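Trainee: Show me how the following folds:
(one chain, ligands or ions: 1)
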Amino acid sequence: MTEAAISIRDLQKTYEGGKRALDGVTLDVPRGEIFGLLGPNGAGKSTMINILAGLVMKSGGSASIWGFDIDAHPRNAKRSIGIVPQEILFDPFFTPREALEIQAGLYGIPKADRRTEALLKAVHLEDKADAYARTLSGGMKRRLLVAKAMVHSPPILVLDEPTAGVDVELRQQLWDYVRSLHAQGVTIVLTTHYLEEAQELCDRIAIINHGRLIANQPTRDLLALAQEKVVEVVVDRDIATAPENLCFDKIELAGERTLTITYRKDRVNAGDVLAALQREGLGVVDVSTREADLEDVFLNLTRATPA
Ligand SMILES: Nc1ncnc2c1ncn2[C@@H]1O[C@H](COP(=O)(O)OP(=O)(O)OP(=O)(O)O)[C@@H](O)[C@H]1O
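Mentor: Numbers count the residues shown, from 1 in each chain. Model prediction:
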């Protein structure tokens, strides 16, 4: 088995004042994947990322990055990861080009090996290379942060809520760049509140809630956890009231001849639902189903884990 890109064991963090932000999280981020870390506000995602970044001291447990334990080999661990923080923080008087040069200097990268121009191009900031950072839009600043995180060419890129406050077009550009890094073999970890985004981008998704891991599975398997399924059925005559049946969780009249039926797929299947309608004397003309999405799974799982 190849070693994980990030390996976390029983990670704990209690902040001064007693807030328990991480309560024994164990997980592996496989190499080469796009890994989604989801959780409601305050779940502990940033705490976990800040521990990996060396910005927050853990209270217990262990973590290694690209095989380097963060306590035993902090320098190598740090060199193996690029982190795009949630907060936009940089000196407003530096230009993007200067910001990247300074960052490269911090990592001790010789001038000849720096990739400043290529990075500026990759994040579409070549036109703004010499503008003061304070004159950049929010989306441009965020892309500059991504470029900064990549100056030392780490094998892992972590993005903490990268698209908060970024408009749709810029978000798309950001994801195109992230996808191209992934295609080059970079392991990507992203935390996001946009479930749709995680669903579309991530190979695997972990969910934390109240500092505990409540799911960690390939995205497809996680989606299969959603038990509610909805079918929309068009019948062969006008109906005044929706028929009741035990195998429907919920039934609604969506039009004169259209019914929206919710059922639990662990109890019945679509065939049972259609047979029940036929027993009510309704002929089925058309059927369409809506797949449950990550939003459903997320809500079901987070509701099921009390504080
Ligand atoms: N420096 C700190 N001191 C005390 N408590 C903190 C500190 N930083 C975070 N916390 C608390 O720890 C918990 C986890 O916070 P964290 O920022 O890790 O969550 P998160 O999942 O990243 O949330 P969000 O999505 O809102 O960023 C929260 O209750 C938060 O208030």
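
Trainee: Does the residue positioned nearest the centre of the chain fall in a helix, a strand, or a coil region?
Mentor: Relative to the mean C-alpha position of the chain, the nearest C-alpha, by Cα atoms, centre = their mean, is the one of residue 36, at 3.4 Å. Look at residue 36: counting by DSSP: H, G, I helix; E, B strand; the rest coil, its state is strand.

Trainee: surely it meets residue 208?
Mentor: No: using Cβ atoms under 8 Å, residue 36 is not in contact with residue 208; the gap is 11.2 Å. C-beta: built from backbone N, CA, C; applies to glycine.

Trainee: So residue 73 versus residue 173, what's the distance?
Mentor: Residue 73 is 35 Å from residue 173, where distance means Cβ to Cβ, to the nearest Å.

Trainee: Show me this structure divided up by domain.
Mentor: Domain assignment for the chain, taken from automatic domain parsing, gives 6-219, 227-291.

Trainee: pLDDT on the last one, on average?
Mentor: Meaning domain 227-291. Per-residue pLDDT over domain 227-291 has a mean of 86.

Trainee: from the middle of its chain, how far away would it be?
Mentor: Domain 227-291 has its C-alpha centroid displaced from the chain centroid by 34 Å (Cα atoms, centre = their mean, to the nearest Å).

Trainee: before we move on, what about stretch 86-99?
Mentor: 25 Å.

Trainee: can you check stretch 161-172 too?
Mentor: Relative to the mean C-alpha coordinate of its chain, stretch 161-172 is positioned 13 Å out (Cα atoms, centre = their mean).

Trainee: What helix or strand is residue 40 located in?
Mentor: Residue 40 is part of no helix or strand when elements are defined by DSSP states H and E.

Trainee: My guess is it contacts residue 303. True?
Mentor: No: using Cβ under 8 Å, residue 40 is not in contact with residue 303, being 10.6 Å away.

Trainee: of those two, who's got more company?
Mentor: The residue with more neighbours, out of residue 40 and residue 303 and counting by other Cβ atoms under 10 Å, is residue 40; that gives 14 against 9.

Trainee: circling back: among the domains of the chain, which is nearest the ligand?
Mentor: domain 6-219 (3.2 Å; Cβ to the nearest ligand atom).

Trainee: Could you tell me the end-to-end distance of the closest one?
Mentor: Chord length of domain 6-219, first to last residue, is 18 Å (Cα to Cα, to the nearest Å).

Trainee: quick check: mean pLDDT across it?
Mentor: For domain 6-219, the per-residue pLDDT values average out at 91.

Trainee: quick one: the longest helix belonging to the chain to strand 34-38, angle?
Mentor: When the chain is scanned for its longest helix (criterion: DSSP state H), the result is helix 168-183. Orientation note: helix 168-183 sits at an angle of 130 degrees relative to strand 34-38 (axes from the mean of the first three to the mean of the last three Cα atoms, to 10 degrees).

Trainee: show me the contacts for residue 154.
Mentor: With contacts defined as Cβ atoms under 8 Å, 6 or more residues apart in numbering, residue 154 is in contact with 79-82, 186.

Trainee: now it: how far from residue 273?
Mentor: Going from residue 154 to residue 273 by Cβ to Cβ gives 50 Å.

Trainee: about what we covered before: list the neighbours of the helix or strand just after the longest helix of the chain that are in contact with it.
Mentor: Later in the chain than helix 168-183, the nearest helix or strand by DSSP H and E is strand 187-191. Residues from elsewhere that reach strand 187-191 (Cβ under 8 Å, 6+ apart): 5-6, 29-39, 45-46, 49, 155-162, 178, 181-182, 198, 201-202.

Trainee: Same check on stretch 36-44?
Mentor: Contacts to stretch 36-44, defined as Cβ under 8 Å, 6+ apart, come from residues 13, 21-23, 25, 45, 48-49, 189-193, 195, 198, 201-202, 204-211, 219, 298, 302.

Trainee: again with stretch 3-15
Mentor: 20-33, 44, 47-48, 51-52, 56, 58-67, 81, 155-156, 187, 189, 211.

Trainee: show me the contacts for the residue lying closest to residue 181 once chain neighbours are set aside.
Mentor: Counting by Cβ to Cβ, 6 or more residues apart in numbering, the nearest residue to residue 181 once its immediate chain neighbours are dropped is residue 157, at 6.1 Å. For residue 157, the contact set (Cβ under 8 Å, 6+ apart) comprises 81-84, 146, 149-150, 178, 181, 186-189.

Trainee: neighbours around residue 176, how many?
Mentor: Neighbouring residues of residue 176 were enumerated by other Cβ under 10 Å; the total is 12.
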